[in-house]
Structure formats: C-alpha cells, structure tokens
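>>> Okay, sequence plus prediction incoming.
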Amino acid sequence: MDNLHSWIDKLNKEQKEAVLENSNPLLVLAGAGSGKTRVITTKIAYCIQELGINPWNILAVTFTNKAAKEMKDRVVEMLPSVDPTSFNIRTFHSFGVWLLRRFTQEANLANSFTIYDDNDSLSLLKSIYPGIPKNELVNVRKKISRAKDMGLSIDDDLSIISGDPFFKKAFIEYETALRNVGNVDFADLISIPNKLLNTNSEVLNFVRRRFKVILVDEYQDSNIAQFNLLHSLVDRDTFICVVGDDDQSIYKFRGAEVKNILSFPEIFPNSKTITLNQNYRSTASILEVASSVISKNKARHQKQLFTQNFQGEKPTVYYVSDEEEEAKSVINLIKRRKNYNNSAILYRTNAQSQPFESLLNRNNIPYRIIGALKFYEREEVKDALALMQLFLNSKDVVNFRRMINKPPRAIGKASVGKIEAFLPQSSGDVFDAIDQACKNKVLSPRCSKNAQQFISDMQKAFNIIVEGELSLGVKTLLEDTGLIDYYKKQDSTNNTFKVENLNTLINALESYPSNIEGLQQFLEEACLDRTKLGLDEKPEDGVVLITMHNTKGLEFEDVYVVGLEEGLFPSSMSIEEDPNGEEERRLFYVSTTRAKNRLSYYCASSRRIWGRVEFNRTPSRFLDEIEPGLVTEVGQKPIKFEEDFDIFSNSALSLRRKQNKPRKSSFSSYNNDTSNLIHQGFSSNSKKFKFEKEEENNEISESRFSVGDRVFNEEKGRGWVVECTSKNSRELIKVKYDSGKEAKYISKYAKLEKLYDEL
C-alpha cells in the first residue's frame with residue numbers, strides 16, 4: 001500500500017481540507033507561494049487511493065507541459081504502484097488533441113492532421129492574400145485567434161473583434177483553406193472540441209462517461225473557449241474542482257478571462273470555496289507590500305496572505321536619475337551580494353534589458369535571458385519540422401511551399417503554381433499533384449526530375465520509419481532532401497551551429513515510440529507548449545533577466561523590479577483599456593511575490609524610451625499604493641514625486657498627472673506614449689507612422705524601418721532599430737541586438753524581419 005497518509009500529514013490545515021473535501025463543485029483559492037501544486041497532486045492521489053476512483057476516470061488539466069509533467073511526477077511519487085500511463089494529466093490543448101485524435105472523422109480532419117503555429121497560419125493567409133502587406137495579415141491572424149479564444153466562429157457576429165467586413169471574409173477564407181488541408185491551428189485545439197461536444201451527443205456522452213472527476217490548475221488563466229469546454233465536460237454526476245488565484249491573472253493579452261474564476265460560485269451553484277492563505281516563499285515584509293497594493297483591486301476574492309517565515313528586511317524603493325543609473329545600482333547590489341544564481345531582474349518590456357546586459361558583460365557576471373529565441377523558433381528547426389509535417393500530411397500546402405525548393409531545387413514559384421494547378425483533381429494531395437504535373441509534362445525536365453526525387457526521399461524515409469527506426473528515418477529525410485548539407489555550408493561560412501541544432505532534434509526523437517505515431521506525438525509536443533524554453537536551454541548559472549509576465553511560477557532569493565513609472569508600468573496601453581489598472585496591479589503583485597528574501601524597486605526620473613528621452617517621469621501609481629512605513633526609500637525624489645494625494649480622488653490624480661506630464665527632449669522623434677504618436681502622425685487605420693521633419697534632423701520621413709521597430713535576423717537574433725539615417729539617398733539603419741551587439745545596414749538590403757507581435 002502506498003504511503004499517501006505521510007504526504008497528507010505534511011499539509012497545513014487549509015491544504016488538508018482542500019485535499020479531503022468532497023463538496024461538489026469545489027473552488028480552491030491558492031495565494032502566491034501557498035503550495036497549490038502539492039494540494040492538487042495530493043488530491044489526485046487521494047481520489048485514487050482513498051476514494052477508489054480509477055485513474056482512467058480522472059482528468060487533471062493545467063496550462064503548460066512543464067506543469068503537467070511536474071504534476072504527473074508528483075502523483076507517481078505518491079502512488080508508485082499505480083501505472084503512470086493511466087494518468088490523464090494534460091494541458092487544455094493536449095486534451096483537445098487527445099479528443100480530436102479519437103474523433104478525426106467527426107471533426108472533418110485528416111487522420112494525420114498536424115498543428116499550425118502562428119507562422120504557419122500567417123503563411124496560409126499570405127497564400128490566400130499575396131498582395132496584402134504582412135503586417136496587416138499579422139493583425140488578421142491575431143484577430144482570428146482572439147475570436148476562437150472567445151468561443152466565436154465564422155457563423156457568429158464578429159463585430160466585437162473587428163467591424164471591418166474584410167476581417168470576416170478573411171476569417172471564412174482562412175478556415176476554408178485550413179479545412180481543405182485537414183490541419184488545425186493552435187486555437188482550434190479548443191474550438192473544434194467545443195463544437196464537437198455541442199453538436200455530437202455520442203462524443204459528449206463518451207467524454208462524460210470517461211471522466212467522472214475533473215481538476216483544473218491555474219484556473220485564473222483560462223479563456224472563454226476553455227471555460228466553455230470545461231462547462232461542456234461537466235454534468236450533474238461529475239466532480240469538479242478548480243484551483244487558482246484571481247490575484248495572479250495576468251494574461252489578458254493572451255485571452256485569459258479573470259471573470260471565469262471570479263464568477264465560479266455563480267456559474268456552479270452550491271459550490272464550496274477553500275482559501276490557501278499561508279505563503280511559504282516570501283518574508284513577512286515582502287508579503288505586507290504585496291497585500292497592501294493588491295487590496296486596491298475591487299474585482300477580487302477577498303483574502304490575506306500570511307507567513308510563518310521571518311519578518312526580513314523591508315523592500316527598498318530606489319529613485320534614480322535615468323536608466324543608466326538604474327542599471328549601475330542594480331548591478332552594484334548584485335556584485336555586493338554575490339548571489340548570481342538566485343537573482344532576477346524583472347522588467348515590463350524586453351526593450352529594457354539592454355543596459356543591464358551591457359553592465360553584466362562589462363563586469364563578467366554570468367546571466368541568462370528568459371524568453372530569448374526558442375529552440376523550435378529557429379529557421380533550421382522549423383524547416384525540419386515542416387518536412388516532418390508534410391511527411392505526415394501530404395495535403396499540407398503551407399509546408400509544401402516552404403520546403404519544395406529549400407534547399408534550391410530549381411522549382412521556382414512558376415513551377416509550384418503549375419503543380420498546384422493539379423491539386424483539385426488530386427484531392428488536395430501535393431505528391432499526387434507533382435506526379436500529375438510530371439506526367440502531363442508541364443514542368444521542365446530538370447524541375448520534373450527534382451520534384452520526383454523529393455517524393456522519393458519522402459518515401460524512403462517513410463519505409464525506414466515503418467520498419468521501426470524513427471530517428472534514423474528523420475535523419476535520412478534531412479540528409480537526402482539536402483537540408484543537412486544546406487545548413488552545413490551556412491555553418492562553415494557564418495560560424496553558426498545550425499547542423500548541431502538539427503542533430504539535437506534528431507536525438508530528441510530517441511525518447512519517442514519508434515513509429516509513425518511517435519513522430520506524430522513528437523510534433524504535437526513541439527507545437528503545444530509555447531512556454532517551452534527549448535531543448536538547448538537547460539537551467540544554468542547566472543543572473544536571470546526576464547519580463548514580468550514570464551516570471552509566473554518562478555521564485556528567486558533577490559528580485560529587482562525596474563522601470564516603475566507611469567506609462568511604462570503600468571503601461572499606457574493597458575491603462576487605456578483598463579483605467580483602474582487592475583490587470584497591471586495583479587502583474588505588480590506577481591512580480592513582488594517572486595521574491596523570497598530581498599526585494600528592490602526602481603523608479604527613474606528620466607528615461608530613454610524608443611530612442612527618445614523623457615524627463616520628469618511620474619512614479620508608478622503602485623509605489624504610491626504601498627502603505628506608509630512598509631518600504632525603505634533611497635535616493636532624492638524630485639519635488640513632484642513628493643506630492644501627497646489619494647489615488648482614488650479623481651481631481652488629485654488628474655492634477656498629479658497633468659503636473660507631471662513627461663517633458664520630451666527636442667532631439668528625437670519617437671515616443672511610446674500613444675497620444676504623442678497620434679500627434680506625430682500615427683493613424684490607427686493606416687497602421688503607418690509618419691515622422692515630422694525637424695531642423696537638423698537626419699531621420700527620413702518614409703522608410704522601411706522606424707526607430708523602435710522590433711526586428712529579427714537569422715544569425716544575430718532579435719533586436720531594436722535604434723537609429724535611422726539617410727546618406728547619398730540610401731536609408732541606413734542601426735540595430736542593437738538583445739546580445740548587446742550592434743550592426744549597421746543599408747535598409748534596402750537588410751535581411752531583417754519586423755516582429756509586429758513584439759511591438
């Protein structure tokens with residue numbers, strides 16, 4: 001008999017109550033650092049061992065593969081005698097895949113459907129609308145995803161997403177094209193199961209009979225479509241328990257809906273709520289600051305964190321002159337404390353990291369940036385994945401277009417068009433279309449030979465995999481199609497490691513079943529978890545540089561929260577959407593509760609933002625909301641920082657904001673404040689930005705790039721355009737990369753891609 005009771009005995013009173021409580025439905029409000037993962041995993045084990053529920057009938061859902069694996073590992077540790085393959089501990093999207101694999105015919109999908117990521121979806125839109133600028137199609141893709149996350153389809157009123165008639169037309173054509181190839185996009189993994197459960201009683205009854213106990217972790221991160229899915233799964237005989245913390249709902253920009261957890265007692269009548277208030281992570285001083293600020297939110301479940309940890313030193317607010325002094329102060333503290341491996345610098349936007357990177361490099365302090373270019377986002381890896389996806393689904397026209405002439409095979413756009421002309425009579429199968437094009441001699445002899453060789457390479461790899469050699473089959477595919485040699489030449493010329501990344505990918509396949517199903521499973525996992533750091537990004541030593549949104553679930557001994565000024569944090573855009581700042585206040589709360597022992601806040605009186613200096617910056621409202629006496633203040637406050645006012649007084653707040661309106665320098669032309677963007681010529685309809693001419697200003701008025709653009713280069717990674725000039729009628733730009741390196745380009749020939757998603 002597994003010793004579950006020894007695990008239960010380690011729980012505090014509230015945790016134990018949450019594990020043993022059988023009231024249905026059950027809401028567990030788990031404050032930051034209160035041990036919620038221990039509670040939900042122990043509850044799963046309790047249901048199996050003490051209540052006699054078959055693991056087969058339990059569904060536990062969370063939001064990342066990492067969290068799902070951690071939950072499963074803990075349950076296995078508690079119940080080592082139970083077959084781990086019987087546990088259904090998944091992400092929402094993994095559950096969607098699980099359901100769709102069982103009902104592909106009912107869902108009108110290809111048996112071997114693959115999952116399109118954002119880039120694949122964008123490529124599909126570009127194939128439908130080749131004449132429309134990429135940035136406009138990026139916006140269309142985002143809106144389509146948002147519509148699906150809100151539970152909307154092409155048959156619904158989409159005016160809440162966009163009033164532009166073109167959007168609905170594009171949505172319909174995109175869905176038609178996606179269904180024609182038999183694939184799904186990321187949002188479909190929730191929206192299609194929802195449709196199935198609502199329209200097919202056999203599928204609904206199957207799922208409800210299967211899962212009698214449903215537990216959801218991180219419920220505050222669920223969106224409307226996920227809520228609808230959960231609601232469909234639950235009937236009067238289903239035990240439902242959700243665990244989460246409304247105070248940590250910070251992903252509205254991804255579609256998360258805090259109302260899901262706030263309204264749980266109303267949506268599920270007669271539910272019971274248990275609150276986990278004891279924090280095991282932070283000192284009492286840190287929790288006092290966090291609680292004093294989050295209590296200002298009106299839309300929340302009332303709770304008050306406490307800890308039995310020691311009081312600890314008060315958090316410190318440092319008032320500095322600018323971002324350079326901010327970086328120097330932080331790095332000096334890190335050097336003095338010598339706690340490199342357990343320190344983190346938290347910022348609102350990636351653009352704030354550069355001064356810290358420069359000083360860390362200069363002082364030979366190891367560091368790592370969380371959220372840099374991920375393994376599966378690299379060109380060579382995406383090419384390999386595209387070949388595998390086409391291998392599984394020969395109707396995948398998007399990946400066909402990507403790889404049929406990469407590396408170059410003398411199969412240009414005209415030849416591709418001739419091949420695709422045979423798709424209708426080939427039932428959409430690109431390999432059959434190639435065969436038809438060759439038989440009808442519409443291709444040149446060389447093109448025909450190379451296209452047939454491409455099919456032959458695919459068939460050879462297929463035969464190897466069918467014989468039980470998955471990694472060898474994929475290795476053969478990458479070698480025979482020329483991809484390995486293609487990137488080997490690039491590595492030799494550019495001193496890169498692209499082939500090494502491809503070998504890492506091949507080696508990763510060793511841990512999967514050595515058959516077609518194993519390849520399918522590998523591709524699913526590569527696509528599903530967007531939070532995955534990548535195969536090559538193992539934990540390592542060094543100071544962590546990270547955005548506030550990426551810190552969820554992490555903790556550090558020493559935390560430095562920088563850029564605490566109005567317009568930056570809270571951001572101007574977020575305050576326009578939510579004047580009360582509740583989402584940003586939750587983000588402040590999450591950032592604060594990442595700290596275990598020491599916490600430092602930074603506020604600068606001037607800051608260079610997007611290449612422009614702003615003076616007399618106003619401290620973040622969240623600093624004003626901290627109760628007096630809870631923090632130590634260091635540095636000279638400007639006089640305007642000293643004004644005392646009640647943040648809930650509109651007149652006082654208005655006065656403060658007007659008096660402290662940032663004053664801009666006269667030698668720049670870009671600013672992050674949207675009101676100034678409009679003043680300088682930004683039009684939300686045209687999605688373009690026009691610079692005003694200034695005396696002695698060498699910036700150009702119409703250009704491919706603008707100062708402040710976020711860009712990507714295949715060799716150097718991500719960076720920011722920091723300078724645009726004109727010389728001899730040529731546009732010159734300077735890019736500062738996230739690595740700290742700088743590079744200059746002639747704009748016309750620069751191999752740079754604008755990252756509209758990160759602006």
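The structure has been received and is ready for your questions. Model, not experiment: these values are computed from the prediction.
>>> so where's the chain uncertain?
Along the chain, the model assigns pLDDT under 70 to residues 1-2, 372-374, 529-540, 610-612, 637-703, 714, 727-729, 756-759.
>>> quick check: domain ranges of it?
As assigned by automatic domain parsing, the chain contains the domains 4-101+191-280, 114-181, 314-373+539-664, 375-528, 691-758.
>>> would JSON lines of the ones you listed with distance to Leu305 be doable?
Quick note: C-beta positions are derived from backbone N, CA and C, even for glycine. Formatted as JSON lines, the domains of the chain follow (distance: least, Cβ to Cβ, whole Å):
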{"stretch": "domain 4-101+191-280", "distance to Leu305": "5"}
{"stretch": "domain 114-181", "distance to Leu305": "30"}
{"stretch": "domain 314-373+539-664", "distance to Leu305": "8"}
{"stretch": "domain 375-528", "distance to Leu305": "33"}
{"stretch": "domain 691-758", "distance to Leu305": "33"}
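>>> what sits against Glu288?
By Cβ atoms under 8 Å, 6 or more residues apart in numbering, the contact set of Glu288 is Glu627, Leu630.
>>> So it, which state does it fall into?
helix (DSSP: H, G, I helix; E, B strand; the rest coil).
>>> gap between it and Asp247?
Computed with Cβ to Cβ, to the nearest Å, the distance linking Glu288 and Asp247 is 15 Å.
>>> Repeat that for Glu723.
In terms of Cβ to Cβ, Glu723 sits 42 Å off from Asp247.
>>> which one of those two has more residues nearby?
Ranked by neighbour count (other Cβ atoms under 10 Å), Glu723 and Asp247 place Asp247 first, with 27 against 16.
>>> Just the buried residues of stretch 282-294, please?
Ser282, Thr283, Ser285, Ile286, Leu287, Glu288, Val289, Ala290, Ser291, Ser292, Val293, Ile294 (16 or more other Cβ atoms under 10 Å).
>>> ok, now which ones touch the third one?
Okay, so that is Ser285. Residues counted as contacts of Ser285 (Cβ under 8 Å, 6+ apart) are Gln311, Gly312, Glu313, Lys314, Pro315, Leu630.
>>> What subset of the residues you listed is buried?
Gly312, Lys314, Pro315, Leu630.
>>> Of those residues, which pair is most distant in space?
Gly312 and Leu630 (11.8 Å; Cβ to Cβ).
>>> Select the longest helix from the chain.
Using DSSP state H to define each element, the chain has its longest helix at helix 445-466.
>>> before we move on, back to that, turn the buried ones among the contacts of Ser285 into JSON lines, including distance to Gln278 and secondary structure.
Shown next, in JSON lines, are the buried ones among the contacts of Ser285 (distance: Cβ to Cβ, whole Å; DSSP: H, G, I helix; E, B strand; the rest coil):
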{"residue": "Gly312", "distance to Gln278": "16", "secondary structure": "coil"}
{"residue": "Lys314", "distance to Gln278": "21", "secondary structure": "coil"}
{"residue": "Pro315", "distance to Gln278": "20", "secondary structure": "coil"}
{"residue": "Leu630", "distance to Gln278": "20", "secondary structure": "coil"}
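>>> could I get those residues as CSV with distance to Ile484?
Listed next are the buried ones among the contacts of Ser285 as CSV, based on distance: Cβ to Cβ, whole Å:
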residue, distance to Ile484
Gly312, 54
Lys314, 58
Pro315, 53
Leu630, 59
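>>> Tell me the one of those nearest Val330?
Nearest to Val330 among the buried ones among the contacts of Ser285: Pro315, at 14.1 Å, using Cβ to Cβ.
>>> Torsion angles phi and psi at the closest one?
Main-chain torsions, Pro315, degrees, to the nearest 10: phi -60, psi 150.
>>> Then Ala30?
Torsion angles, degrees, to the nearest 10, at Ala30: phi -110, psi 100.
>>> thinking it is in contact with Asp245, fair?
Yes: with contact defined as Cβ atoms under 8 Å, Ala30 counts as touching Asp245 (5.5 Å).
>>> what touches both of these two?
Lys36.
>>> Count the neighbours of Glu576 for me.
Glu576: 10 neighbours (other Cβ under 10 Å).
>>> next one: Asp435
Asp435: 17 surrounding residues under other Cβ under 10 Å.
>>> That one looks like it's in a helix, true?
Yes: according to three-state DSSP, Asp435 belongs to a helix.
>>> residues contacting it?
Ser426, Gln452, Ile455.
>>> Quick check on Ile89: phi, psi?
The phi/psi pair for Ile89 (degrees, to the nearest 10) is phi -110, psi 110.
>>> Quick check: it touching Met71?
Yes: between Ile89 and Met71 there is a contact at 5.1 Å, judged by Cβ under 8 Å.
>>> what is in contact with these two at once?
Ile44, Ala60, Thr62.
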